[in-house]
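**Student:** mind folding the following:
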Amino acid sequence: MSKFVSLQQAIGDHLHDGDTVAFEGFTHLIPVAAGHETIRQGIKDLTLVRMTPDIIYDQMIGMGLARKVVFSYAGNPGVGLLRRMRDAIENDYPRAIQIVEHSHSAMAQAYEAGAAGLPMAVFRGYKGADLPKVNPDIRSVTCPFTGEELAAVPSHRPDVTVIHAQKANRRGDVLIEGIVGVQKEAALAAKRVIVTVEEVVDDFEGMHPNLCILPHWTVTAIAVVPGGAHPSYTMGYYDRDNAAYLEWDKVSADRELFATWMKDNVLDATPEAFADRVKGL
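**Tutor:** Now for the predicted structure:
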């Protein structure tokens, strides 16, 4: 069976109620279109994992899809708060959520440990920090060789990891250019991997082979969604839509305005709308 399917099928076949899912991408290549499709399909009781939750998790939390969020920094990049996430934490609206907060380093280490099939990540960190007081998953171990006390956290082993990339070839290898965060580690740590791409090409001729970070055998499904990272950017295709992030701060501050925006831009929209949104950026 071909890996290349519609976004609706990719999400519907591989992401289920109650799953632990990581929508990863750092600064650019954030899989927003896949998040919107998840919202349209009403997949609920999710544990959302992400190094830097931004507006796509704000939208998913605001629509009541999340029961738990495992994260490091959470915010609207360059703007401020995630207001829907804050409403859920402080007021249980639209439902209560559990939060598990880590440092950036711990999140990256946990993905890498998961990719290696290890039960935990061990690293130097958290000394003098207050996060261990509020996160019982942060513990310590003693190195059997040096006696040094080290931090330990559970590895991330998502049921599903979702990423966006520039290209896939017809065999299903995935190429990412520009800033790479933890997409590779998050994908290798997961049971199933969904990738949205800007385009499919015959081959990666002229590209450095190390840019192909995911060979086809690591990928479960690929959906072609031009513009699928908007309002984040995709290097070589379109710029970051800074106005959209500023707009989100106003939209997310009001529950009714949020509901109207989600209906117009997500529930009543299709993946094809993303291509129109990036025209002229």
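**Student:** does Val70 count as helix, strand or coil?
**Tutor:** Following DSSP: H, G, I helix; E, B strand; the rest coil, Val70 is assigned to strand.
**Student:** hmm, His102 and it touching each other?
**Tutor:** Yes: with contact defined as Cβ atoms under 8 Å, Val70 counts as touching His102 (7.2 Å). No exception for glycine: its C-beta is placed from N, CA and C like everyone else's.
**Student:** common neighbours of those two, please.
**Tutor:** Residues touching both Val70 and His102 (Cβ atoms under 8 Å, 6 or more residues apart in numbering): there are none.
**Student:** quick one: the helices in the stretch 151-281 of the chain?
**Tutor:** 183-189, 242-251, 255-262, 273-277 (DSSP state H, counting those that start in this stretch).
**Student:** which one of the ones you listed is the most hemmed in?
**Tutor:** Highest mean neighbour count of those: helix 183-189, a mean of 24 (counted as mean count of other Cβ atoms under 10 Å).
**Student:** can I get the CA coordinates of it in PDB?
**Tutor:** Extracted as PDB, the C-alpha positions of helix 183-189 are listed here (Å, rounded to 0.1, in the frame of the first residue of the first chain):
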ATOM      1  CA  GLN A 183      12.000  16.000  14.300                       C
ATOM      2  CA  LYS A 184      14.400  13.100  13.500                       C
ATOM      3  CA  GLU A 185      14.500  11.900  17.100                       C
ATOM      4  CA  ALA A 186      10.800  12.400  17.600                       C
ATOM      5  CA  ALA A 187      10.000  10.300  14.500                       C
ATOM      6  CA  LEU A 188      12.400   7.500  15.400                       C
ATOM      7  CA  ALA A 189      11.000   7.400  18.900                       C
END
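**Student:** by contact count, what packs against it?
**Tutor:** Under the contact criterion of 3 or more Cβ pairs under 8 Å, 6 or more residues apart in numbering; DSSP states H and E, helix 183-189 touches helix 104-115, strand 160-169.
**Student:** so of those, which one's packed in deepest?
**Tutor:** Per-stretch averages of neighbours, counted by mean count of other Cβ under 10 Å, single out strand 160-169 among the helices and strands packed on helix 183-189, with a mean of 26.
**Student:** my guess is Ala269 meets His36, correct?
**Tutor:** Yes: between Ala269 and His36 there is a contact at 7.1 Å, judged by Cβ under 8 Å.
**Student:** higher neighbour count, these two?
**Tutor:** His36 (26 against 17; other Cβ atoms under 10 Å).
**Student:** report the inter-axis angle for the helix or strand in which that one is found versus helix 242-251.
**Tutor:** Under the criterion of DSSP states H and E, His36 resides in helix 32-40. Going by axes from the mean of the first three to the mean of the last three Cα atoms, to 10 degrees, helix 32-40 is angled at 30 degrees with respect to helix 242-251.
**Student:** so what touches helix 32-40?
**Tutor:** For helix 32-40, the surrounding residues in contact (Cβ under 8 Å, 6+ apart) are 7-8, 10-11, 15, 21, 23, 46, 56-57, 59-60, 63, 65, 162, 164, 194, 196, 223, 225, 227-232, 262, 266-267, 269, 271, 274.
**Student:** which is the next helix or strand following that helix?
**Tutor:** Taking DSSP H and E, what comes next after helix 32-40 is strand 46-50.
**Student:** pLDDT-wise, which helix or strand of this structure ranks last?
**Tutor:** None of the helices or strands of the chain scores lower by mean pLDDT, DSSP states H and E than helix 131-134, at a mean of 93.
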